[in-house]
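K.L.:
return a 3D structure for these sequence lines:
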Amino acid sequence: MRRQSLEAAVDRVKAKVWTKQTAVSRVDAGRLSLLLHPSLKSSEGASPIATGLGVAPGAASGLVTFTAEDAARLRARGKHCILVVTETGPADIEGMKAATGILTARGGMTSHAGVIARITGKPCVAGVRTLTVDLAEMSCRIGDREFHAGDRLTIDGSDGCVYAGMLALAQPHIGGAMGTVLGWSDASRKAAVRTNVETVESAKTALSFGAEGIGLARSEHMFFSPERMLALRRMILSEDEEDRSRAIGGLVDFQTGDYSALFSTMAGMPVNVRLFDPPLHEFLPRGEEEIDDTAASLGLAVRALRLRLERLAEINPMLGHRGVRLAITYPEILQMQMQAVLAGARAASETQSEPVLVEVMVPFVSTATEVAFVRERVDAMVANSGLLRSDRVQFSFGTMIELPRACLRAGDIAQMVDFFSFGTNDLTQTTFGISRDDAPTFLAAYQRKGIYDSDPFVSVDEKGVGELIAMAIERGRAANPRLKIGICGENAGDPASLRFFAGLGVDYVSCSPYRVPVARLTLAQSRG
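P.N.:
Numbering: from 1, shown residues only. Reported below is the predicted structural model:
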């Protein structure tokens, strides 16, 4: 899509050749996000040295770097860099923010790298099977080419191409025509468009694109700075409830400020906080050097730390001790999060005229009894806070529906909650029995051979996952007519999926900040 096509659409409306609705319907929503990112001026004469999955749009050029620390140092010196890694994890967040673009050997659309890249607006190419990284030598091999730290690469996160050297980029220019067309689209859609963010910076970006609230604030993402990561590890590695309670004190202070700032930034719009979800092992040290550093920081013997890490290890962690299971087995974690959310809401309510709209969401549930267990404790903490005695803070409680059993028992669960939010990433993973991180190794072959029409992690599988969602909405609303319905997985930023969700009568969708304009336009075209 070219910017001129938007301007032409606006001119036709001014000339009364088109109606506003006609102009909205003629814009290609799938290509709208390309106007928000840098792009290659031309790839003519340059052949890609590798291709992967374009999981976050835009193009980027820079110096090859292999660690988060080096990326931060280069950014401080005003240098652009491409973070090249096998795969990213929580410890890489700061490096991903510092990098101009991200290149990974593993992962797909819903992998850690793809999700964080879309939130921060960074181009990302993932799943490059010919990429191998040698951290010991600070080098990588892409196909038959070898690159060292400081060499130059260009990536295109729109089509997944990787180029040697620095290719010229065209910077985005967002004129008034886009804002005009999106304004027209807002007048003809019913569903709200929220965003998936947990930092003030990302929230402001989403607001500038027209977001109407936060539909997913991943609470664990607030612990990715080194200081906070150490505090979180201290809590996870505590030997008993008393140790965990002591470790939790500092974590409450960290998150209280975060939530207060987030609530204030959204200025009366709803903020949906997802309780801690990932398996605890994701936040623990892995390499030899990191284990040694963590042991020293926590005052533990290295051998003692290794024994604790072994006890926490899981064979299949994505189906293991995560989500609601953490809140039930470690109630101190639930208490810590709720204390921080409520303290943040109180602080924000004292400094703004708008009410603070807090939504708390428990993830990865499969039974109504799990939801009832958590809600009873959450309601008690909210009642004891005294925040509901005035209309300064409004509170609601809901759950993510991301397991097939939760869809089947949606009627039972709906009686326990105020809203459902469908997490399509995990629901797709658990319905198909496909690891979303490993899927790129065979999904391309499946699509090429006609086994799958499309990647179900990109566009919702209407006949399977979609049917489960439709059934859960029907059963949920039958049991609780006031039930609010949201979609917060990555499918919520895909035009084909959005058209399907619009037909289900959802109340809102929530997507990465740079996909908000796409959702606004697509829902208007679908009259959803």
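
K.L.:
all contacts plus neighbour counts: C-alpha atoms, from now on.
P.N.:
OK.

K.L.:
SS state for residue 47?
P.N.:
coil (DSSP: H, G, I helix; E, B strand; the rest coil).

K.L.:
do you know the pLDDT at it?
P.N.:
On the pLDDT scale, residue 47 is placed at 92.

K.L.:
what does the one 5 residues further on give?
P.N.:
Note for residue 52: predicted pLDDT of 95.

K.L.:
now swap in residue 249 and tell me
P.N.:
pLDDT at residue 249 comes out at 75.

K.L.:
that one: neighbour count?
P.N.:
Number of residues near residue 249 (other Cα atoms under 10 Å) recorded here: 14.

K.L.:
which residue is the nearest non-sequential neighbour of residue 197?
P.N.:
residue 217 (5.3 Å; Cα to Cα, 6 or more residues apart in numbering).

K.L.:
now do the same for the one you found: helix, strand or coil?
P.N.:
Strictly by three-state DSSP, residue 217 counts as strand.

K.L.:
what's the separation between it and residue 263?
P.N.:
To residue 263, residue 217 is 11 Å away according to Cα to Cα, to the nearest Å.

K.L.:
now for those two: what residues contact both?
P.N.:
With contacts taken as Cα atoms under 8 Å, 6 or more residues apart in numbering, the residues that reach both residue 217 and residue 263 are residue 271.

K.L.:
these two: which is more packed in?
P.N.:
Neighbour count, other Cα under 10 Å: between residue 217 and residue 263, residue 263 has more, with 29 against 24.

K.L.:
please tell me how far the one helix or strand residue 117 maps to is from the chain's geometric centre.
P.N.:
Element membership for residue 117 (DSSP states H and E) is helix 112-120. Its chain's C-alpha centre and that of helix 112-120 lie 6 Å apart, by Cα atoms, centre = their mean, to the nearest Å.

K.L.:
for the residue nearest the centre of the chain, what are its contacts?
P.N.:
In the chain, the residue lying closest to the centroid (Cα atoms, centre = their mean) is residue 115, at 4.7 Å. Going by Cα under 8 Å, 6+ apart, residue 115 touches 109, 512.

K.L.:
identify each buried residue in the helix of greatest length in the chain, please.
P.N.:
Scanning the chain for the longest helix, with DSSP state H as the assignment, gives helix 241-266. The neighbour-count check on helix 241-266 (16 or more other Cα atoms under 10 Å) flags 244-245, 247-248, 251-252, 254-266 as buried.

K.L.:
bridge partners for the residue nearest to residue 197, pull those for me.
P.N.:
Note on residue 217: beta-bridge partners by DSSP bridges are residue 273.

K.L.:
which ones are touching it?
P.N.:
With Cα under 8 Å, 6+ apart, residue 217 has these contacts: 196, 197, 198, 271, 272, 273, 274.

K.L.:
assign the nearest residue to residue 404 once chain neighbours are set aside to helix, strand or coil.
P.N.:
Distances taken as Cα to Cα, 6+ apart place residue 431 nearest to residue 404, at 6.3 Å, with adjacent residues excluded. Following three-state DSSP, residue 431 is assigned to helix.

K.L.:
do I have it right that residue 431 meets residue 466?
P.N.:
No: contact between residue 431 and residue 466 fails when scored by Cα atoms under 8 Å: they sit 10.5 Å apart.

K.L.:
burial of residue 316, as a residue count?
P.N.:
That count, for residue 316 with other Cα under 10 Å as the rule, works out to 9.

K.L.:
quick one: the helix or strand of the chain with the lowest mean pLDDT to chain centroid distance?
P.N.:
When the helices and strands of the chain are compared on mean pLDDT, DSSP states H and E, helix 226-236 comes out lowest with a mean of 82. Averaging C-alpha positions (Cα atoms, centre = their mean) puts helix 226-236 21 Å from its chain's average.

K.L.:
repeat that for stretch 436-452.
P.N.:
The answer for stretch 436-452 is 22 Å, by Cα atoms, centre = their mean.

K.L.:
cool, stretch 37-52 as well?
P.N.:
26 Å.

K.L.:
and that stretch, end to end?
P.N.:
Start-to-end, stretch 37-52 (Cα to Cα) is 19 Å.

K.L.:
same question for stretch 184-201.
P.N.:
End-to-end for stretch 184-201, by Cα to Cα: 27 Å.

K.L.:
tell me the buried residues in it?
P.N.:
By 16+ other Cα under 10 Å, the buried positions in stretch 184-201 come out as 184-186, 188-200.

K.L.:
so which of those belong to helices?
P.N.:
Checking the buried residues of stretch 184-201 against DSSP H, those in helices are 184, 185, 186, 200.

K.L.:
excluding chain neighbours, what is closest to the second one?
P.N.:
Okay, so that is residue 185. Excluding its sequence neighbours, the residue lying closest to residue 185 (Cα to Cα, 6+ apart) is residue 524, at 5.1 Å.

K.L.:
repeat that for the first one.
P.N.:
Closest residue in space to residue 184, ignoring its immediate chain neighbours: residue 20 at 6.4 Å, by Cα to Cα, 6+ apart.

K.L.:
wait, the one you found sits on residue 12?
P.N.:
No: applying Cα under 8 Å, one finds residue 20 not in contact with residue 12, separated by 9.2 Å.

K.L.:
in the helix or strand hosting residue 5, what's buried?
P.N.:
Counting by DSSP H and E, the element that carries residue 5 is helix 3-14. Within helix 3-14, the residues that count as buried by 16+ other Cα under 10 Å are 3, 6, 7, 9, 10.

K.L.:
try stretch 326-339
P.N.:
Quick answer for stretch 326-339 (16+ other Cα under 10 Å): 326, 327, 332, 333, 334, 335, 336, 337, 338, 339.

K.L.:
and the nearest residue to residue 218 once chain neighbours are set aside, how far from residue 359?
P.N.:
What sits nearest to residue 218 in space, not counting adjacent residues and going by Cα to Cα, 6+ apart, is residue 274, at 5.4 Å. Separation of residue 274 from residue 359 (Cα to Cα): 8 Å.

K.L.:
same check on residue 31?
P.N.:
Taking Cα to Cα as the measure, residue 31 falls 32 Å from residue 359.

K.L.:
ok, residue 194 next?
P.N.:
13 Å.

K.L.:
ditto for residue 462
P.N.:
Counting by Cα to Cα, the gap from residue 462 to residue 359 is 28 Å.

K.L.:
go ahead and confirm residue 214 touches residue 274.
P.N.:
No: using Cα under 8 Å, residue 214 is not in contact with residue 274; the gap is 10.7 Å.

K.L.:
ok, those two, which is more surrounded?
P.N.:
It is residue 214, of residue 214 and residue 274, that has more neighbours when counted by other Cα under 10 Å, with 30 against 22.

K.L.:
can you check the pLDDT for that one?
P.N.:
98.

K.L.:
likewise for residue 270?
P.N.:
98.

K.L.:
now the one 4 residues further on
P.N.:
pLDDT recorded at residue 274 is 96.

K.L.:
next step: the buried residues of stretch 326-339 restricted to helices.
P.N.:
326, 327, 332, 333, 334, 335, 336, 337, 338, 339.

K.L.:
and which of the ones in helices among the buried residues of stretch 184-201 is nearest residue 508?
P.N.:
Taking Cα to Cα as the measure, residue 508 lies nearest residue 186 of those, at 13.0 Å.

K.L.:
do you know the pLDDT at that closest one?
P.N.:
Note on residue 186: pLDDT of 94.

K.L.:
for the one 3 residues further on, same thing?
P.N.:
The predicted local distance difference test score for residue 189 is 93.

K.L.:
in this structure it contacts residue 519, no?
P.N.:
No: using Cα under 8 Å, residue 189 is not in contact with residue 519, being 10.2 Å away.

K.L.:
residues contacting residue 71?
P.N.:
Counted by Cα under 8 Å, 6+ apart, residue 71 has contacts 65, 81, 82, 83, 95, 96, 98, 99.

K.L.:
for the stretch 301-450 of the chain, which segments count as helices?
P.N.:
302-312, 324-329, 331-349, 368-385, 404-408, 410-414, 424-432, 440-448 (DSSP state H, counting those that start in this stretch).

K.L.:
tell me which of those helices lies nearest to residue 105.
P.N.:
helix 440-448 (10.4 Å).
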